[in-house]
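*Asks:* Pasting the sequence and the predicted coordinates here, then a few questions.
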2 protein chains.
Amino acid sequence: MVYGTSLVCNGFLDVADNYIMRSDTLLIPGPIELSDNVQKALDCPSLSHTGPEFTAIFQRVLQNCRKLFKAHETEGQPIVLAGSGTLGWDIAAANLIDPDEKVLVLSTGFFGDSFADCLELYGAKVDKLAAPMGEQVPLEEVEKALKRNRYKAITVTHVDTSTAVLTDVEAVAELAHRIAPDTLIIVDGVCSIGCEEFKFDEWGIDYCLTASQKAVGAPPGLSISMISSRALNQVAARPRSYFASLRKWIPIMQSYESGKGAYFATPAIQLINSLDVALKEILADSLESRWAKHRQTSDWLKDKLVNTLKLKLVTNSKQAAHGLTAVYVEEPGRLISYLKQNGVVIAGGIHKPIASKYVRIGHMGVSACREELHHITRCYDLISDELGRP
Amino acid sequence: MVYGTSLVCNGFLDVADNYIMRSDTLLIPGPIELSDNVQKALDCPSLSHTGPEFTAIFQRVLQNCRKLFKAHETEGQPIVLAGSGTLGWDIAAANLIDPDEKVLVLSTGFFGDSFADCLELYGAKVDKLAAPMGEQVPLEEVEKALKRNRYKAITVTHVDTSTAVLTDVEAVAELAHRIAPDTLIIVDGVCSIGCEEFKFDEWGIDYCLTASQKAVGAPPGLSISMISSRALNQVAARPRSYFASLRKWIPIMQSYESGKGAYFATPAIQLINSLDVALKEILADSLESRWAKHRQTSDWLKDKLVNTLKLKLVTNSKQAAHGLTAVYVEEPGRLISYLKQNGVVIAGGIHKPIASKYVRIGHMGVSACREELHHITRCYDLISDELGRP
């Protein structure tokens, strides 16, 4: 971390700490490195939240969110709120599930478990199918469960950031539509939207939540989600959250998307301006090519870690996420410290059964797509150095 | 609104819209104009949310929040979450009031009414005392209500942004402590913290919520609040919100404040860096002098509107907020348009019974404290021009 000198000094305040000119390369699985354009767009005056300038920005953001999710241009509704990814769980639990309704939760790690906790807090009866370590829940188990019980919804964590397990959402959705056509399909796409193949409409998803600070490439502080027409028709008449109430927010989002300001709670103006740039960057190329770039970077790193450094991934290779890598190492703390000393920040483990035994390396957004930054090759070289292997 | 040319152009993207170099003077009652230092601090790379650099910033923010609220340095807990002011209502309702517990709500406008709606959504039995238009709820009525019923909590909107009514929180708190010593005192300080006299400890407040984008002078997107030790001891064992759960957040806030990173949901890194500068600016001078500056600016404007332009304020003069002015005008839409054409943005009415009959002018933060910017004098001159009076 190198602090710049204060860009603007009023002679009284010590704000030099707050002007962070250049920082370590951030390769945790979110927040991720911002592009220059995305970061610069934060440096924006506050605008009237219902005025024409901000409304034009927010309208474009909502329209582009449909493209990000590959969702219908006129049906359903994208939702962008001040909050974090976690808030999306509350939106699902408080609006789409009534107390005592049954939900089937597919858990592939810490985040699947936590989503189940959130649903239970709001009164859902949760059946949780926990995957074997590093794998997705076997489809046969999902099929059995869907045949045994009637569920209001099934939830899938597309990528569990704690284990780097990628679940085949398309296959789960196909199964659910076939066996339990009335069951809503809810996807936690916090660590997948923007880096993994995802098709809201084509797969028949009902609600997908994500956050700004992962593969979307924007700063943290926004909950981003997409709801289907089918789910909109089932939004609870009495939601059990005020701040996360879709009854309150849907008309507001519809209004902004149609180009008219509206008010329920004040949106995060600067973050939305920055998200606007992040979405423009994503959509300047095809989503397919962005997914492919993430796959290439991920495949390269995983191959080197496994085949050159002889390390073991947390994740079964066919079910591995492309936006991060979770890998067992003997001394995670020592490795993380060595990289930090050399200006690269990676993350430790957080899935409880194995938390002290592995590290997580994020490779999303510019770090995955722009090879010329050498983020991932440099990270790999440092890991290789520290482990003292060739 | 003058858009700058793109500061950083990658040759492919049209992001010129997102580099807003100079905007209208924003004199709505929040979001407000940012100081240069506060805005510049947004232009900050993403940092690891649990790393030492961000932890140092968040620690200082939490410590300075205690000073902002005039709260004890070690007791209770400040809380800063990604969200908006509204989220503070959910925090109070979902953590401090159990279903069917009685709450006395003092309402002085749209925001008091909405706080009551939020409490009812979470199951509270609300007795609402609605104030006469433009006045606070008479203390005798509060006294009677507190004598007649046992309440888990009383809520007060310090300044209702819809009517500009300032309630004497000190007097209400004194009454509650005397008559109903077990009743928690909850204050909505969204439009008061940073511009109105407020003493969390001295007045014996149990929970006070505010937001970043009003008199705190930071960008929108953060819920900021302070809870007392007494209220902490009464936090529900089973909160009814996941994202707003104090059981989840309090240990996280304690950890950051003690200088150690922790995780429940990802904080809004850049907004918190910007808030850090806003709090440093506020605390560089005394809060007392900041409150006095807001009073002076407010008194000047109200005097001119009433005594020179012969307009009628929405608010009884003794109960008028110092961070905004609500004033009846014949044609609010025409006045707002004229000011907008001249680069000044003010707000329309939102309190339903009188919404089409008045305008609201915000004078918080730099617009109130830095006379050399001429924000308020220019705004007044434009109003005077438009009304065609001397």
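*Replies:* Everything's here; your move. Numbers count the residues shown, from 1 in each chain, chains lettered A, B, ... in the order given.
*Asks:* Distance of the closest residue to A:Ala164 other than its chain neighbours relative to A:Ala92?
*Replies:* Nearest-residue entry for A:Ala164: A:Ala326, 3.8 Å, with adjacent residues in sequence omitted and distances by CB to CB, 6 or more residues apart in numbering or on different chains. C-beta: built from backbone N, CA, C; applies to glycine. A:Ala326 sits 25 Å away from A:Ala92, going by CB to CB, to the nearest Å.
*Asks:* try A:Tyr263
*Replies:* For A:Tyr263, the distance to A:Ala92 - CB to CB - is 24 Å.
*Asks:* who's more crowded, these two?
*Replies:* Set side by side, A:Tyr263 and A:Ala92 show more neighbours around A:Ala92, with 31 against 11, by other CB atoms under 10 Å in any protein chain shown.
*Asks:* Domain-wise, how is chain A divided?
*Replies:* Domain ranges of chain A: A:25-35+A:286-387, A:37-283, per the TED database.
*Asks:* Quickly compare these and say which is most buried.
*Replies:* Across the domains of chain A, averaging neighbours per residue (mean count of other CB atoms under 10 Å in any protein chain shown) puts domain A:37-283 on top, at a mean of 22.
*Asks:* re earlier: pretty sure the residue nearest to A:Ala164 is in a strand, no?
*Replies:* Yes: according to DSSP: H, G, I helix; E, B strand; the rest coil, the state of A:Ala326 is that of a strand.
*Asks:* so what's it scoring on pLDDT?
*Replies:* pLDDT, A:Ala326: 98.
*Asks:* residues in contact with A:Ala124?
*Replies:* A:93, A:97, A:99-103, A:152 (CB atoms under 8 Å, 6 or more residues apart in numbering or on different chains).
*Asks:* now those residues as a markdown table including pLDDT, distance to B:Leu68 and secondary structure?
*Replies:* Output for the contacts of A:Ala124, formatted as a markdown table (pLDDT from 0 to 100; distance: CB to CB, whole Å; DSSP: H, G, I helix; E, B strand; the rest coil):
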| residue | pLDDT | distance to B:Leu68 | secondary structure |
| --- | --- | --- | --- |
| A:Ala93 | 98 | 33 | helix |
| A:Ile97 | 98 | 38 | coil |
| A:Pro99 | 97 | 39 | coil |
| A:Asp100 | 98 | 43 | coil |
| A:Glu101 | 98 | 43 | coil |
| A:Lys102 | 98 | 46 | strand |
| A:Val103 | 98 | 41 | strand |
| A:Lys152 | 98 | 44 | coil |
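*Asks:* Intersect these with the contacts of chain B.
*Replies:* Among the contacts of A:Ala124, proximity to chain B is found for A:Ala93 (CB under 8 Å from any CB of the partner chain).
*Asks:* nearest to B:Leu129, of the contacts of A:Ala124?
*Replies:* Of all the contacts of A:Ala124, B:Leu129 sits closest to A:Pro99, with 31.6 Å by CB to CB.
*Asks:* correct me, but that closest one touches A:Gly123?
*Replies:* Yes: contact criterion CB atoms under 8 Å: A:Pro99 and A:Gly123 qualify, at 3.2 Å.
*Asks:* Report the set of residues contacting both of the two.
*Replies:* In contact with both A:Pro99 and A:Gly123: A:Arg240, using CB under 8 Å, 6+ apart.
*Asks:* hang on, the earlier thing: contacting residues for the residue nearest to A:Ala164?
*Replies:* Residues in contact with A:Ala326, defined by CB under 8 Å, 6+ apart, are A:162-164, A:313-315, A:349, A:358-360.
*Asks:* same deal with A:Val61?
*Replies:* By CB under 8 Å, 6+ apart, A:Val61 lies in contact with A:80, A:272, A:275-276, A:279.
*Asks:* List phi and psi for it.
*Replies:* phi -60, psi -50 (degrees, to the nearest 10).
*Asks:* For the stretch 251-390 of chain A, just list every one of the strands.
*Replies:* For the stretch 251-390 of chain A, applying DSSP state E, counting those that start in this stretch gives strands covering A:324-328, A:344-345, A:347-348, A:358-362.
*Asks:* right, and the ones you listed - which one's nearest A:Asp43?
*Replies:* In terms of CB to CB, the element of the strands of the stretch 251-390 of chain A nearest to A:Asp43 is strand A:344-345, at 23.3 Å.
*Asks:* Reformat the contacts of A:Ala326 as a markdown table; add distance to A:Asp127 and pLDDT.
*Replies:* What follows is those, written out as a markdown table (distance: CB to CB, whole Å; pLDDT from 0 to 100):
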| residue | distance to A:Asp127 | pLDDT |
| --- | --- | --- |
| A:Ser162 | 21 | 98 |
| A:Thr163 | 20 | 98 |
| A:Ala164 | 25 | 98 |
| A:Leu313 | 29 | 98 |
| A:Val314 | 25 | 97 |
| A:Thr315 | 24 | 96 |
| A:Gly349 | 27 | 97 |
| A:Tyr358 | 28 | 98 |
| A:Val359 | 32 | 98 |
| A:Arg360 | 28 | 98 |
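*Asks:* So which of those residues is the closest to chain B?
*Replies:* A:Ser162 (10.9 Å; CB to the nearest CB).
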